[in-house]
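# What shape does this take:
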Amino acid sequence: MLKARVGDVVRVHYTGRLRDGTIFDTSVGSEPLEFTLGLGQLIPAFEEAIIGMSPGESKTFEIPAEEAFGPYREELVLEIERDRLPQDMELEVGQQLLLRDPNGQAFRVTVTDLTDDMVTLDANHPLAGEDLIFEVQLLEIGSNLLEDNA
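As a prediction, the model looks like this:
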């Protein structure tokens with residue numbers, strides 16, 4: 001029986017949940033996720049869980065926070081004075097902003113608190129510190145691109 005291996009293009013349906021059961025992402029009801037195993041397009045532990053599966057097979061697996069988006073880091077939360085941002089900028093809690101560091105590198109932050117004088121920004125990934133539970137079904141396996149391109 002055909003089994004997924006590094007270099008294969010695979011199509012999967014998945015649902016990602018947190019430990020409390022909250023669904024944070026799913027492809028069910030929309031287009032399946034298509035990617036090439038081994039190219040590092042996804043969390044490595046997610047790709048590793050697909051390797052060895054056969055079309056039609058389903059499985060549930062957990063990825064610890066350290067192997068997903070890392071631990072939640074308090075040092076990535078910063079408070080800045082409101083007047084350091086453009087005066088006409090409308091802000092609300094939960095809003096995501098794209099900022100640049102002194103080297104010009106862009107990074108995403110989430111507004112987590114607002115007062116008249118201060119804005120709290122969190123540069124952690126929204127899923128940092130969370131163990132992730134995935135239910136996946138391997139729908140199909142395409143050609144082995146690594147062998148085809150060798």
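# Direction included, what does the lengthiest strand in the chain pair up with?
Taking DSSP state E as the criterion, the chain has its longest strand at strand 132-144. The strands beside strand 132-144 in its sheet (DSSP bridges) come out as strand 8-17 (antiparallel), strand 58-63 (antiparallel).
# Could I get the buried residue list for the longest helix along the chain?
Scanning the chain for the longest helix, with DSSP state H as the assignment, gives helix 44-50. Within helix 44-50, the residues that count as buried by 16 or more other Cβ atoms under 10 Å are 45-50. No exception for glycine: its C-beta is placed from N, CA and C like everyone else's.
# Output the contacting helices and strands for that helix.
strand 58-63, strand 132-144 (3 or more Cβ pairs under 8 Å, 6 or more residues apart in numbering; DSSP states H and E).
# Which of the ones you listed has the lowest mean pLDDT?
Set side by side, the helices and strands packed on helix 44-50 give their lowest mean pLDDT on strand 132-144, at a mean of 90.
# How about that strand, which residues are buried there?
By neighbour count on 16+ other Cβ under 10 Å, the buried set for strand 132-144 is 132-139, 141, 144.
# right, and the secondary structure at the residue lying closest to Pro71 once chain neighbours are set aside would be what?
In this structure, Pro71 finds its nearest non-sequential neighbour in Gly129, 5.5 Å apart by Cβ to Cβ, 6 or more residues apart in numbering. Using DSSP: H, G, I helix; E, B strand; the rest coil, the three-state assignment for Gly129 comes out as coil.
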